[in-house]
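>>> any chance you could fold what I've pasted below:
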Amino acid sequence: SSAGWTARRTHTMLSFAGKVWMIGGFTSAATNDVWSSSDGVSWTEVRANGHAGGFTARAEHTALVFTDPADGISKMWVLGGYGSADMNDVWNSVDGHDWTQVRADGAASGFDKRRNAVSFVYDSKMWVVSGISGSTNLRDAWYSTNGISWTSATTTAAFSARWGAAGCVFGGKMWIMGGYSTTDLNDVYYSTNGSTWTSATSAAAWAVRCLARAEAICDKMYIFTGLKLSTMANYRDVYSSLDGVTWTQETSAASFSARRGIASCVLSGKIIMTGGYDSANLSEVWSFLVSPHILETSATMNDYARIDAESGAVYGITAGTGTGNFVGTDTVLGTPIADGSGGGELDYGDMTDPGRLSEPTVSGSDNIMRFERDFTNNSGGSITIKEVGLSAKGLDALGLLLMRGKVDKAVADGASVRVAIELSTTV
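Take a look at the predicted model:
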């Protein structure tokens, strides 16, 4: 329903300081007002349209939340867009009312004036990718650590020059999808460095479109709404993907009207979208509660397992010969292999040896920790490992079987094998 602010399109939204923020956009003209809400229902005007200080009226801009290296404070940032002409200025704010200009409009170095670009926060940098400058579509990618100095990652990305693409950060990669080049698009590309862009698919399951939105939440990417420019048809569908290749239709006809030029962000496990244009500008707010995705593979975390510390069970990476499927009632590996050099036993190496236990590393939004253990066979006969697990010692002197995976590895007498397990958490 009506949210109190003027109906608009091609604005931006951010999730910042426990609130959602709406910035600028096009009503009957470009605006520079700022609104905030803790729930998407009740809205507060933080900065009135026409306010003399700070960023000028604009639409088709991008916005980010990024920590300013000048003072170490997280801030909202506004980049480029269109007022009476394309712009390439950069502004930031801690409260949405007072804005500081970091980069002047018309700056000769760094990214060109543009509208309908995609921006990311990735690898501790701000990124600006694609867009349109005047009548020229762009296929470049620029990054900055401070908003002042911008470095070109590429001016000839693998994807075609385009504007109005959707994008998000997901799975430790930057993703760009759809948009308009010389025709409407439904391709998907990703990059881990901004210079090399790899095609995930040249034709996603969702229809060609521009001016759509994409968000990443609960281990999936979502794309929704948008416009097929060649027919001026708006969309009201929602698609999701785990990998950017295979897309699943969540709905072909969402409760809201078909529209384009919306803004969206993620707050408290919900995708919140505002405004847009169906046959007129809109002042509605809609939310979509996303359920966490549960991935079931041969390596699972179905249940905790109790491991008796008095039995001599080994913590860390363990091995076994069980071949049955893992179920929630299992408490240990199917058939654990004992630590030792007797018949049917493997000598479990020390996981504290150099290089066997890595410090967590951060790659984009992924936190990765790697464990390794050597198993040596001095039993006098060949042993085939059929299962491996990762066990941790509990506070109650019992253990937790964190995962179990099926393998098939023969270890000859006198030979060794190294098992490595990586745990990855995406934030």
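>>> so which residues of this protein form helices?
Per DSSP state H, the chain has no helices. Nothing in it meets that criterion.
>>> low pLDDT regions in it?
In the predicted model, the chain carries pLDDT under 70 at residues 1-2, 291-315, 326-331, 352-360, 362-365, 392-401, 426-427.
>>> name the single longest strand found in it.
Assignment by DSSP state E gives strand 399-411 as the longest strand of the chain.
>>> what helices and strands are in contact with it?
When contacts are defined as 3 or more Cβ pairs under 8 Å, 6 or more residues apart in numbering; DSSP states H and E, strand 399-411 sits against strand 383-393, strand 416-426. (Each C-beta comes from the backbone N, C-alpha and C, glycine too.)
>>> could I get the CA-only coordinates of it as PDB?
Output in PDB follows, covering the C-alpha atoms of strand 399-411 (Å, rounded to 0.1, in the frame of the first residue of the first chain):
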ATOM      1  CA  GLY A 399      32.200 -35.800  20.700                       C
ATOM      2  CA  LEU A 400      30.200 -34.400  17.800                       C
ATOM      3  CA  LEU A 401      30.300 -36.000  14.400                       C
ATOM      4  CA  LEU A 402      30.000 -32.900  12.300                       C
ATOM      5  CA  MET A 403      29.900 -34.500   8.900                       C
ATOM      6  CA  ARG A 404      30.300 -37.800   7.100                       C
ATOM      7  CA  GLY A 405      31.200 -38.400   3.400                       C
ATOM      8  CA  LYS A 406      31.500 -41.500   1.300                       C
ATOM      9  CA  VAL A 407      34.800 -42.300  -0.500                       C
ATOM     10  CA  ASP A 408      36.500 -45.300  -2.000                       C
ATOM     11  CA  LYS A 409      40.200 -45.300  -1.500                       C
ATOM     12  CA  ALA A 410      42.400 -48.400  -1.200                       C
ATOM     13  CA  VAL A 411      45.600 -47.900   0.900                       C
END
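>>> please state the offset of that strand from the chain centre?
The chain centroid and the centroid of strand 399-411 are separated by 30 Å under Cα atoms, centre = their mean, to the nearest Å.
>>> tilt between that strand and strand 383-393?
Orientation of strand 399-411 against strand 383-393 (axes from the mean of the first three to the mean of the last three Cα atoms, to 10 degrees) gives an angle of 160 degrees.
>>> and the angle from strand 399-411 to strand 416-426?
Angle of strand 399-411 versus strand 416-426, following the same axes, to 10 degrees, is 140 degrees.
>>> nearest approach to residue 29 belongs to which of the helices and strands packed on strand 399-411?
Across the helices and strands packed on strand 399-411, residue 29 has its closest neighbour in strand 416-426 (40.6 Å, Cβ to Cβ).
>>> now that closest one: buried residues?
By 16 or more other Cβ atoms under 10 Å, the buried positions in strand 416-426 come out as 417, 419, 421.
>>> show residues contacting it.
Strand 416-426 is contacted by residues 170-172, 219, 317, 319, 349, 365-377, 385, 388, 390, 403, 407, 409, 411 when judged by Cβ atoms under 8 Å, 6 or more residues apart in numbering.
>>> out of these, which sit inside strands?
170, 317, 319, 366-376, 385, 388, 390, 403, 407, 409, 411.
>>> so who does residue 151 touch?
Counting by Cβ under 8 Å, 6+ apart, residue 151 has contacts 110, 142, 143, 144.
>>> correction: residue 12
Shown in contact with residue 12 (Cβ under 8 Å, 6+ apart): 22, 23, 24, 25, 61, 62, 63, 78, 263.
>>> and residue 383, by the same measure?
Going by Cβ under 8 Å, 6+ apart, residue 383 touches 321, 337, 344, 346, 377, 410, 411.
>>> what separates the residue located most distally from the centre of the chain from residue 198, distance-wise?
Going by Cα atoms, centre = their mean, the residue of the chain most distant from its centre is residue 380, 50.3 Å out. When distance is defined by Cβ to Cβ, to the nearest Å, residue 380 is 49 Å away from residue 198.
>>> same question for residue 334.
Between residue 334 and residue 198 the computed distance is 39 Å (Cβ to Cβ).
>>> more neighbours: which of those two?
residue 334 (17 against 13; other Cβ atoms under 10 Å).
>>> with adjacent residues omitted, what lies nearest to that one?
Once flanking residues are discounted, residue 334 sits nearest to residue 322: 1.9 Å by Cβ to Cβ, 6 or more residues apart in numbering.
>>> centroid residue for the chain?
The structure's the chain has its C-alpha centroid closest to residue 170; by Cα atoms, centre = their mean the separation is 2.5 Å.
>>> give me the beta-bridge partners of the residue nearest to that residue when sequence neighbours are not counted?
Nearest residue to residue 170 in three dimensions, chain neighbours excluded: residue 216, at 3.9 Å (Cβ to Cβ, 6+ apart). Residues in a beta bridge with residue 216, per DSSP bridges, are residue 221.
>>> give me the neighbour count for residue 216.
Residue 216 has 19 neighbours, counted by other Cβ under 10 Å.
>>> cool, residue 211 as well?
Residue 211 has 28 neighbours, counted by other Cβ under 10 Å.
>>> burial measure for residue 124, as a count.
12.
>>> that one: what's it in contact with?
Residue 124 sits next to residue 145 when contact means Cβ under 8 Å, 6+ apart.
>>> how far away is it from residue 17?
For residue 124, the distance to residue 17 equals 20 Å [Cβ to Cβ].
>>> do residue 201 as well
According to Cβ to Cβ, residue 201 and residue 17 sit 37 Å apart.
>>> which one's more surrounded, those two?
The neighbour comparison of residue 201 against residue 17 (other Cβ under 10 Å) goes to residue 201, with 17 against 14.
>>> who does residue 227 bridge with?
Beta-bridge partners of residue 227, counted by DSSP bridges, are residue 210, residue 234.
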